[in-house]
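1. Sharing a model that was predicted from the sequence below.
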Amino acid sequence: MLFDTHTHLDNEKFNEDRHEVITRAYEQGVTRMVNIGFNRETIPTTMELAEKYPFIYAAVGWHPVDAIDMRPEDIDWIAKLTEHEKVVAIGEIGLDYYWDTSPKDVQQRVFRQQIGLARELKLPIIIHNRDAHEDVVRILKEEKAHEVGGIMHAFSGSWETAKQCLDMNFYISFGGPVTFKNAKQPKEVLKQVPNDRLLVETDAPYLTPHPFRGKRNESAYVRYVAEVAAEIKSMEFEEICKITTTNALTCFDM
């Protein structure tokens, strides 16, 4: 039994075989998935998936890359959608200093707004952090994100950064990159993350794990992340599945 805590099954790369991909994941033991709606286009398609499949849940938020397109009414829209029983988190939200599509000040403003919304609604947040470790941690502290906690999605930072996030009530989630042979830092960080704060994910169709690197990722492949986590933690595969699923259920209050 596995829980893919972060996937994008509504992505156009699944247009030809979406149902088959979802069914394959479920049949291979991925019995719960959280699909991420992160802008004006993907939030409605995420909600459609959550309503169609009993084992798919939704997170809704505004991605930092799209921050410049966010209007005041979009926050109200997200807040309204959280009333749906299948919405379990606000996300993915955060900062992305790699793609130069939204100015940093706009990203930070939108990030703060959504942390505030999550605190108001008492929902966990799912954090996107690319090349912005220092600012992400600072804003999480300033906005009292520890009150709701959440997930550091596809974690790529140092143990020092992970420790600060753990101290703020966050889970650390690992995806495909931790399976790469040269992924020294992610493996070292995973080894140190407490068992009760560890999650696995795919970020499908992105971040495909070894041995499928370079191809389209899908939720069924979360087992390859779990297998590497089990190896690093010196655990049986079934044990890491149980631990990460229990953690996800706790995080999402399910």
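-> Received, thanks. Numbering: from 1, shown residues only.
2. hey, let's count contacts and neighbours off CA atoms from now on
-> OK.
3. Thought residue 218 was touching residue 26, still the case?
-> No: in this structure, residue 26 is not within contact of residue 218 by CA atoms under 8 Å, at 11.3 Å.
4. For stretch 186-194, list every residue counted as buried.
-> Residues of stretch 186-194 classed as buried: 186-187, 189-191, 193 (neighbour count, 16 or more other CA atoms under 10 Å).
5. returning to what we had before: and residue 26 and residue 218? Which one has more around it.
-> residue 218 (25 against 20; other CA atoms under 10 Å).
6. which outside residues touch the helix or strand that residue 73 is a member of?
-> For residue 73, the host element (DSSP states H and E) is helix 72-81. Residues from elsewhere that reach helix 72-81 (CA atoms under 8 Å, 6 or more residues apart in numbering): 60-61, 87, 114, 117, 121.
7. and those residues, which are buried?
-> 60-61, 87, 114, 117.
8. Which helix in this structure has the most residues?
-> In the chain, assigned by DSSP state H, the helix with the most residues is helix 104-121.
9. and it, what does it pack onto?
-> helix 72-81, strand 87-96, helix 133-142 (3 or more CA pairs under 8 Å, 6 or more residues apart in numbering; DSSP states H and E).
10. Let's see that with 10 Å instead.
-> helix 72-81, strand 87-96, strand 125-130, helix 133-142 (3 or more CA pairs under 10 Å, 6 or more residues apart in numbering; DSSP states H and E).
11. This structure: helices as residue ranges?
-> In the chain, the helices defined using DSSP H lie at 18-27, 42-52, 72-81, 104-121, 133-142, 159-167, 184-192, 222-233, 237-251.
12. Adding mean pLDDT and distance to residue 9, write those helices out as a markdown table.
-> Output for the helices of the chain, formatted as a markdown table (pLDDT from 0 to 100; distance: least, CA to CA, whole Å):
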| stretch | mean pLDDT | distance to residue 9 |
| --- | --- | --- |
| helix 18-27 | 98 | 7 |
| helix 42-52 | 98 | 8 |
| helix 72-81 | 97 | 19 |
| helix 104-121 | 98 | 23 |
| helix 133-142 | 98 | 26 |
| helix 159-167 | 98 | 27 |
| helix 184-192 | 97 | 25 |
| helix 222-233 | 98 | 13 |
| helix 237-251 | 98 | 19 |
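13. deepest of the ones you listed, which one?
-> Mean neighbour count, computed with mean count of other CA atoms under 10 Å, is highest for helix 222-233 among the helices of the chain, reaching a mean of 21.
14. and the angle from it to helix 18-27?
-> Inter-element angle recorded for helix 222-233 and helix 18-27: 30 degrees (by axes from the mean of the first three to the mean of the last three CA atoms, to 10 degrees).
15. what's the angle from helix 222-233 to helix 184-192?
-> Going by the same axes, to 10 degrees, helix 222-233 makes 70 degrees with helix 184-192.
16. what packs against helix 222-233?
-> strand 2-7, strand 170-174, helix 184-192, strand 198-200, helix 237-251.
17. in stretch 162-181, what counts as buried?
-> Here stretch 162-181 shows 162, 165-166, 168-180 as buried, counting by 16+ other CA under 10 Å.
18. Export the contacts of helix 72-81 as JSON lines, with columns for distance to residue 11.
-> Converted to JSON lines, those look like this (distance: CA to CA, whole Å):
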{"residue": "60", "distance to residue 11": "15"}
{"residue": "61", "distance to residue 11": "16"}
{"residue": "87", "distance to residue 11": "18"}
{"residue": "114", "distance to residue 11": "23"}
{"residue": "117", "distance to residue 11": "26"}
{"residue": "121", "distance to residue 11": "28"}
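19. Select, from these, the two members most distant in space.
-> Taking CA to CA, the two most distant members of these are 87 and 114; they sit 14.9 Å apart.
20. thought residue 195 was touching residue 245?
-> No: the pair residue 195 / residue 245 is not scored as a contact, 11.4 Å apart, by CA atoms under 10 Å.
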